[in-house]
Structure formats: structure tokens, C-alpha cells
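Trainee: Fold the following and give me the result.
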Amino acid sequence: MHNMEIKYLKDLRDNSTVVSNTFNLKIEPMPETEIVELEKFWNHGNPFPTALRELLLLAGHRCYVVDYGIDETRHELQEFVREEMVDHHKTIARPFFVIDVYNAATQFLFVYLDEDDDPAVHEGYYSHDAAIWITLISQNLSEYINSLINWKKSGQNPF
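Mentor: Sure, this is the predicted structure:
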């Protein structure tokens, strides 16, 4: 599937399919060539943090614990969120990558690309008029993904 050793998202690698009720939920990987293209466009050619690369390698096309929304590609998802931010007069000065959209796309989850190899996960609300519209939801991407996998395995809805 890929050449990269998985360091942070072993639970996702080891649980590529989860049976939930009567559905088999599967992840679908993204080729490394697509990840490199995303890095060129969204991170000035610099590699993404390792945990984000692992998420994309393992489940960049489909993931049962994050919602990529209705966009066909992760590139379109990044553009969608940035267009919504412009429409709601919101900006993020640091480089970032969106990993999830939800609640009719009024909220999104993202990681900053200038943090360590297992970056924190933040949530942004477009519709908030308050000065503080971004909140920290997890110290590490791996901890966040692992907690959602555990929820799913126990029959809960991670969303």
C-alpha cells in the first residue's frame, strides 16, 4: 500500500475496516504522489507533519472517522473552506490543512502545518462573530483519530 513506516496512526492502519451495526466501514488510501501535490500547493512544497501524511496515506480518499464533506478531493475541500472563510470574513495567518467539515459545513477541523510531527487539532466556526472562533480540540492528531476509532469500535458515532 505504501512505503512509509506508520509511527502515529497504527490504530487506523490496524483497523482499516470496522464493522458498525451492519455496515463495514473502510478506509481508502491516497497515493503518495497526490500527497506531494497537496504539499506543493498548500505547504510551499514542504512535507506535511508526519501524522497528517499518515492520515492521508492510510485514509486520504475515505475515512470512517473524519468527514471530508461533499468535495471530490482534499484539494477541493481546502478551497471550499477557504472560500467560506472569505465569505465570513475569517482568516488564518499560519499554514493549515483541513481534515474534516461538518454541521452543513459550518464548522471544520484543521491542523497547522508549522507544528511538530503530531500537530494539535483545532476547530473553526465560520458563523461565529466572536473574535475567538477557533478552539483547540486535541493536543495531537493521533490522539484525536485514535479516540474516534475507539468510539466507532464501541458502536458509537464519532461525529
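Trainee: where do the helices sit along the protein?
Mentor: 10-14, 32-42, 50-59, 74-87, 141-153 (DSSP state H).
Trainee: What separation is there between L136 and Y144?
Mentor: To Y144, L136 is 11 Å away according to Cβ to Cβ, to the nearest Å. Where you see a C-beta, it was placed from the backbone N, CA and C, and this is true even at glycine.
Trainee: Which of the helices of the chain has the highest mean neighbour count?
Mentor: helix 50-59 (a mean of 24; mean count of other Cβ atoms under 10 Å).
Trainee: what angle do that helix and helix 32-42 make?
Mentor: Interaxial angle of helix 50-59 relative to helix 32-42 (axes from the mean of the first three to the mean of the last three Cα atoms, to 10 degrees): 140 degrees.
Trainee: what's the offset of helix 50-59 from the middle of its chain?
Mentor: What separates the centre of helix 50-59 from the centre of its chain is 9 Å, taken as Cα atoms, centre = their mean, to the nearest Å.
Trainee: same deal with stretch 85-94?
Mentor: That offset, for stretch 85-94, works out to 18 Å (Cα atoms, centre = their mean).
Trainee: So which of the helices of the chain is nearest L25?
Mentor: helix 141-153 (7.0 Å; Cβ to Cβ).
Trainee: residues in contact with the closest one?
Mentor: 8-9, 11-12, 15, 18, 20, 25, 49, 51-52, 55, 64-66, 99, 111, 118-121, 137-138, 157-158 (Cβ atoms under 8 Å, 6 or more residues apart in numbering).
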